[in-house]
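S.K.: Here you go, sequence then predicted model.
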Amino acid sequence: MHAVFHAVSRDQFMARHKANHLNVAYASDDETADRALLAKAALFAELGVSVHLCGESRIA
């Protein structure tokens, strides 16, 4: 799989997460992808899982 990180380098991602895997949500456009990301992050946070986002959201 190919992933695009906006505003974060591979090294920055690896320094924070200490692993070379990530959670994926597929979407047809940037806005839908950001909404899916925020929904997943909120769900995991509500379940007590520590959530760390990297990069920048395109949603204002």
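M.R.: Done, it's in.

S.K.: pLDDT weak spots in this protein?
M.R.: 16-21, 57-60 (pLDDT under 70).

S.K.: That one: helices as residue ranges?
M.R.: Under the criterion DSSP state H, the chain carries helices at the ranges 10-17, 30-46.

S.K.: Tell me how far the last one lies from the chain's centre.
M.R.: Spelled out, that is helix 30-46. On the basis of Cα atoms, centre = their mean, to the nearest Å, helix 30-46 sits 8 Å off its chain's mean C-alpha point.

S.K.: OK, contacts around the most centrally placed residue in the chain?
M.R.: For the chain, the residue nearest the mean C-alpha position is Leu53 (5.3 Å; Cα atoms, centre = their mean). Shown in contact with Leu53 (Cβ atoms under 8 Å, 6 or more residues apart in numbering): Leu37, Ala41. To be clear about C-beta, it is placed using only N, CA and C from the backbone, and glycine gets the same treatment.
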